[in-house]
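Engineer: Got a sequence here, can you model it:
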Amino acid sequence: MNIKITLVIESDEGAIEFEQEVAQLKRDHLSSATLGLTLGESKRMLQTIQQEIVEAQVDDYIEQQTPCPDCGQPRKHKGRHQIVYRSVFGQLQLDSPRLFHCSCKSHAKKSFSPLTQLLGERTSPEYLYLQTKFAALMSYGLSVDLLTEVLPLDGQINISSVRNHVHELGQRLDDQLGEEQLMFADGCPRDWEQLPRPDLPLVVGIDGGYIKRYPDKDNESSKSFEVIVGKSIPDTGASKCLGFVQTYDVKPKRRLFEMLQSQGMQMNQQVTFLSDGGDSVRSLQMYMNPQAEHLLDWFHITMRITVLGQYLKGVKHYDPEKGEQMIDRLDNHIKWHLWHGNVFRAMEHIDSLEMDTEGLEIEYPKLDKMAKAISEFRVYIENNQDFIQNYGERYRCGERISTGFVESAVNQVIAKRMEKKQQMRWTPKGAHLLLQVRTKVLNGEWKNKIREWGLRGNGCCWRMYYERFFCIIKT
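Structural biologist: Below is the predicted model:
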């Protein structure tokens, strides 16, 4: 079986303007290896077809730009040069003529290049989308390997260019954010009452994770830096996440506010913020919504209680009676009162636990560490007492009391790409810009964002020409 694939280009009236054979295939015996097209054949075919289509598109466009739009007289050619345009199906060398402006009207410059003005960005939006999407999901090196394997790029892409594109688009996302504000809860109660009936409460959790720092002469003592990750869960609809490097980002509150607004947050809608009690995370949540409530995450309370329980089990080996009493105080009094939001009584029992620790006369090797842990727990509860509510009541009503969903978001946003099982080191800027692209990809918003930028740019002018070209396969 001989198969010929021919490209036919017709005019708007249906007349054939161009016809050329782009591929010829021969198939003898049918097998799994000869069924359909091979990857190599499809690469060569797509590259050839695109080159012919693009040349026809460019010629057609230049022909339309030659007449003066004011008087209709043909403009003279000054010269021509080649420009490089990078697309999904390879690198294109485009012949770009330069035209003199018509004398019927004054211009700032004597000549111009229509194609150069049209293609302000020399990389197609679709190609940028594929590069940055895969780079957000896997390492830069693996992204290059994947794209080179499936697309006819022929070594025209490298790790540095992919990383640079991610940084450029991440910076573009940052630049599109509005100005940072201390308070985003604007308006007055009278205005809020006139708003439509809001949806059910949004639940927002914010936590942090650490990634390894790239060696820096200015920060030789610091081996890692913190990344803040947040996740918002509406009652209906998809959840969204955000991430940023705290020491690098200058618009953290704006970033959180934009994410909540994209989920339809109104000033009369209730929002529940859960956090671990850290000052930086808590300040990020403040003044975001007048109906907001702030809750200390129960998971972080129980995590500290679990650590104390391990120390007290050690005491029990040296003084069984005293150890049993202290464990009973921790589990049946401190934890019980905190679960029901009674911080006052919980603090009384924490003070008693501290006094019991000071009165211990045993050879327990971790006694000093235990005393320090109890003291830190007391300070932690004391500093966050305004954010401790009746967790038991909330739990029985089906409301969230823990940021377990944020722990999974930290793993999804940071660990799977930047930390876990990967010997990677990052600069704060590089990590921050990658996080902006990665969170857009994970939220399912990246394709629409690239399409939005492409429609705003000069590249959208190509769309009007695509409908004129098609392929006819002859066998």
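Engineer: just checking, next helix/strand downstream of the longest helix that the chain contains?
Structural biologist: Longest helix in the chain by number of residues (criterion: DSSP state H): helix 39-65. Remark: after helix 39-65, the chain's next helix or strand is strand 77-87, criterion DSSP states H and E.
Engineer: can I get the CA coordinates of that following strand in PDB?
Structural biologist: Coordinates of the C-alpha atoms in strand 77-87 are reproduced here as PDB (Å, rounded to 0.1, in the frame of the first residue of the first chain):
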ATOM      1  CA  HIS A  77       9.900  47.600  -0.400                       C
ATOM      2  CA  LYS A  78      13.000  48.700   1.400                       C
ATOM      3  CA  GLY A  79      14.500  45.300   2.000                       C
ATOM      4  CA  ARG A  80      14.000  42.000   3.800                       C
ATOM      5  CA  HIS A  81      15.400  40.000   6.700                       C
ATOM      6  CA  GLN A  82      14.600  36.800   8.500                       C
ATOM      7  CA  ILE A  83      13.000  36.400  11.900                       C
ATOM      8  CA  VAL A  84      12.900  33.300  14.100                       C
ATOM      9  CA  TYR A  85       9.500  32.200  15.500                       C
ATOM     10  CA  ARG A  86       9.400  29.200  17.900                       C
ATOM     11  CA  SER A  87       6.300  27.000  17.700                       C
END
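Engineer: Mind listing what's buried along that strand?
Structural biologist: 85-87 (16 or more other Cβ atoms under 10 Å). For the C-beta atoms, the positions are set from N, CA and C on the backbone; glycine is no exception.
Engineer: now stretch 135-144
Structural biologist: Quick answer for stretch 135-144 (16+ other Cβ under 10 Å): 135-137, 139-140, 143-144.
Engineer: could I get those residues as CSV with pLDDT, secondary structure and distance to residue 26?
Structural biologist: Putting the buried residues of stretch 135-144 into CSV (pLDDT from 0 to 100; DSSP: H, G, I helix; E, B strand; the rest coil; distance: Cβ to Cβ, whole Å) gives the following:
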residue, pLDDT, secondary structure, distance to residue 26
135, 94, helix, 39
136, 94, helix, 42
137, 92, helix, 39
139, 91, coil, 40
140, 92, helix, 40
143, 93, helix, 35
144, 92, helix, 33
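Engineer: ok, residue 440 touching residue 450?
Structural biologist: No: here residue 440 lies out of contact with residue 450, judged by Cβ atoms under 8 Å, at a distance of 9.3 Å.
Engineer: Have a look at those two and say which one is more surrounded.
Structural biologist: Ranked by neighbour count (other Cβ atoms under 10 Å), residue 440 and residue 450 place residue 440 first, with 24 against 20.
Engineer: Not including adjacent chain positions, what is the nearest residue to that one?
Structural biologist: Excluding the flanking residues, the one nearest residue 440 by Cβ to Cβ, 6 or more residues apart in numbering is residue 446, at 4.2 Å.
Engineer: Next, give phi and psi for that neighbour.
Structural biologist: Here is the backbone geometry of residue 446 (degrees, to the nearest 10): phi -70, psi -40.
Engineer: sorry, back to before: against which helices or strands is the longest helix of the chain packed?
Structural biologist: Helix 39-65 sits against strand 2-10, strand 16-26, strand 90-100, helix 114-118, helix 463-466, strand 469-474, with contacts defined as 3 or more Cβ pairs under 8 Å, 6 or more residues apart in numbering; DSSP states H and E.
Engineer: Nothing else from me, thank you.
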